[in-house]
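**Q** Got a sequence here, can you build the structure:
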Amino acid sequence: MQFSCHIYYNYNRVSRLFDTETNLRSFSASPSLVWGISALFYLYELVLRVSPSVMTEELMVSFDATSTVIGILISFYYYAYTVLQVPCGIIIDKLGAKKLLLFSAGLCVVGSCLFAGSFNIPSAQMGRLLIGAGSACAFISCLQIASRLFSKEKFVILVGLTNVMGTLGGLLGGFPVARSVNAFGWQNTTFLLAGIGVFIVLLILIFIPSNLDSTPNKPAQTSIITNVFGLLRNTQIVLAGVISSLMYLPISAFAELWIVPFFMSKHGINNELASMAAAVIFIGIAIGSVVIAMLSRRIGGYVRTLKLAAIGTAALFLVLLYGGVNNFLTSLSIVFFIGILTGAQPICFTCAKNNSTADLSGTTLALTNGIIMAMGAIFQPFLGALLDMCWNGAVSSNGIRIYDISCYTVSIVTIPIALTVAYLLTFFMKETIDLE
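**A** Here you go, the predicted model:
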């Protein structure tokens, strides 16, 4: 977390770290500043994405909803996010990032206000849908800016640093948001987040240069459909997306929604203390995103790194679920190392990009990210449905369904199963480190 903040605030030192002299002559703003603001927007949208994980009980009370309904409500974010991935990638390839970032940040603000002001499920769903639509370009904008302004050998590091900013957002969306929810309520907290979004809109407007919209690497004059289907026929790109989506489940299906209620049930603690688990896993992801990216060459390449990470993460989940771990600190340690190994997942973006052409890099990255988010949209309500299937009928004093630890175990064990599938799929991937 300190390193990511260092990257964001000390732009001149980062500019010296990466050789960007040529790019500085082309853009009026420092490349590190441009990337930093786009990464700040990515951090912000992660806060919006994960914040419902610490307000699930409040949402159930406000909307008189079951876990399945809440899972579907939160996954509305993913419905818009996933569908818009490829369109956002195409727009970035054709026009650049600034206009898209401005419009997207504005959508996040509007969606947050609508979600915060909702008194029924349909309007809350629309709010989450708008937040998802606004967030769709955040990650791929960071990667596209990194691919244009920095050298190829630094791209994998910048993918990791982008993930650091995202995990920092996940961290801030945990305990700090939980404290705010308990003090001011979930609706006032969400309105506060909307206000922060207005500030980010101003940063994008003032500091990101307009000449980013004039990219020298415009796609060839072929139809959009032809380009997209061409990428879908590339089995290596599709494999990278599928493997990445399965390795992202510890975030999308666990850390972003069910980790807090899981720890509350497992250790009998409140949501503030349980939100430490979300903080710990995101800290682990932040560290792993940079360290594993830097070590991937020494480990023996990108594919071997992904193999070790996938099977290692699956093993740690099984220990957490079936290892008889009853100590809270021990459980925190396990999720920390789960986070470390999950930090290998962004390497899949480098593998996908290395199997594509430069003029379609934005579309390729967006397609990969779309596959990842589609898996999240499936698994969040799926785990909620599994919880409802295992529910024994117990309810709290305010009418909220109570799920015991056996329900969470049956639900969450699907994650290590998916990670094992990811491990098996890596045997069909080709090493791309020699293509750089």
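**Q** all strands of the stretch 51-200 of the chain, in order?
**A** Read by DSSP state E, counting those that start in this stretch, the stretch 51-200 of the chain holds no strands at all.
**Q** for it, what spans make up the helices?
**A** 56-63, 67-83, 85-95, 98-116, 121-135, 138-149, 152-172, 175-184, 186-207 (DSSP state H, counting those that start in this stretch).
**Q** Can you say which of those is packed in most?
**A** Stretch with highest mean neighbour count among those: helix 138-149 (a mean of 27; mean count of other CB atoms under 10 Å). C-beta here means a position set from N, CA and C on the backbone, and glycine is covered the same way.
**Q** so how far is that helix off the chain centroid?
**A** How far helix 138-149 lies from its chain's middle: 15 Å, per CA atoms, centre = their mean, to the nearest Å.
**Q** likewise stretch 172-188?
**A** With CA atoms, centre = their mean, you get 20 Å for stretch 172-188.
**Q** Compute the first-to-last residue distance for it.
**A** 16 Å (CA to CA, to the nearest Å).
**Q** Mind checking the pLDDT average for that stretch?
**A** The average pLDDT for stretch 172-188 rounds to 89.
**Q** what comes into contact with that stretch?
**A** 43, 46-51, 53-55, 58-59, 62, 116-117, 189, 192, 260, 271-272, 275-276, 278-279, 282 (CB atoms under 8 Å, 6 or more residues apart in numbering).
**Q** now stretch 419-429
**A** Contacts for stretch 419-429 (CB under 8 Å, 6+ apart): 235-236, 239-240, 242-243, 246-247, 249-250, 303, 306-307, 310-311, 313-314, 317, 351.
**Q** for the stretch 1-150 of the chain, which spans come out with low pLDDT?
**A** Scanning the stretch 1-150 of the chain for pLDDT under 70 picks out 1-29.
**Q** Drop anything exposed from the contacts of stretch 172-188.
**A** Taking 16 or more other CB atoms under 10 Å as the criterion, what is buried in those is 43, 46-51, 53-55, 58-59, 62, 116, 189, 260, 271, 275-276, 278-279, 282.
**Q** what ranges do the helices span in the stretch 301-436 of the chain?
**A** Under DSSP H, counting those that start in this stretch, the stretch 301-436 of the chain gives helices at 302-322, 328-342, 347-354, 361-390, 405-412, 414-425.
**Q** Of these, which is nearest residue 149?
**A** Counting by CB to CB, residue 149 lies closest to helix 361-390 out of these; the figure is 12.7 Å.
**Q** Buried residues of the closest one, list them for me.
**A** Buried, per 16+ other CB under 10 Å, within helix 361-390: 361-388.
**Q** What of stretch 299-309?
**A** Buried-residue list, stretch 299-309, by 16+ other CB under 10 Å: 299, 301-303, 305-309.
**Q** and these, which two are the farthest apart?
**A** Counting by CB to CB, the most remote pair of the buried residues of stretch 299-309 is 301 and 309, 12.7 Å apart.
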